[in-house]
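In: Below: sequence and its predicted model.
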Amino acid sequence: TTEIYTLSLHDALPIFGGTAAYFFEQAQPGSAGSMSGDIFNNICTLTGGSGAPGDGCYFIASNNNTFGIYNNVADCVSSSNNSGIGMELDGNSGDNFTVKNNIIMNCNTAIYDPNSGGSFTFGNNDYYNIGSQGWVYQGSFMSFSQWQSKTGDSTSSTSNPGLNSDRSEERRVGKECRSR
């Protein structure tokens, strides 16, 4: 079992196209092995612009994987960044993914599943400011409502999670306090 414990990551790894901040793949794709584990309480911020990871903040590939992905944040900084993917979960034969209570924001693609296999359970995720590539399930690009219909992800939303880095409100309040 692979476990990633609480980690705050902000541009701490070199970011190149075709890589991911958290990357899980068997040594030989399609081999008889398997991986399982929980990925939880992580923060991934992609600040690489056009060189952002092509596989997203979180990437899991190959067959027979069982992963729970809980309470993570994937922030691609700009939804206009064409390579900004929150999570790439390649649903292959024997894969089981549970994705709950995550925040995916400012990404061109929230979740990318290019394959037609695997089993997914989604719930209580917040997808905010997602760009033109939207969601990809079983290789098909779709809107949020289509995503919810296809995946059963009925408890997730596209609301602002309140994690904005805009400090203008904080400066306004600070000025009011100083003027009193």
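Out: Yep, that arrived. Numbers count the residues shown, from 1 in each chain.
In: Could you check how many residues crowd around the nearest residue to residue 109 once chain neighbours are set aside?
Out: Nearest non-adjacent residue to residue 109, counting by Cβ to Cβ, 6 or more residues apart in numbering: residue 133, 4.0 Å away. To be clear about C-beta, it is placed using only N, CA and C from the backbone, and glycine gets the same treatment. Look at residue 133: counted by other Cβ atoms under 10 Å, it has 18 neighbours.
In: shouldn't residue 133 be in contact with residue 111?
Out: No: under the criterion of Cβ atoms under 8 Å, residue 133 is not in contact with residue 111, lying 10.4 Å apart.
In: Next, the contact list for the residue nearest to residue 109, please.
Out: Residues in contact with residue 133 (Cβ atoms under 8 Å, 6 or more residues apart in numbering) are 82, 108, 109, 112, 141.
In: would you turn these into CSV with distance to residue 98 and secondary structure?
Out: Below are those laid out as CSV (distance: Cβ to Cβ, whole Å; DSSP: H, G, I helix; E, B strand; the rest coil):
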residue, distance to residue 98, secondary structure
82, 28, coil
108, 24, coil
109, 20, strand
112, 17, strand
141, 23, strand
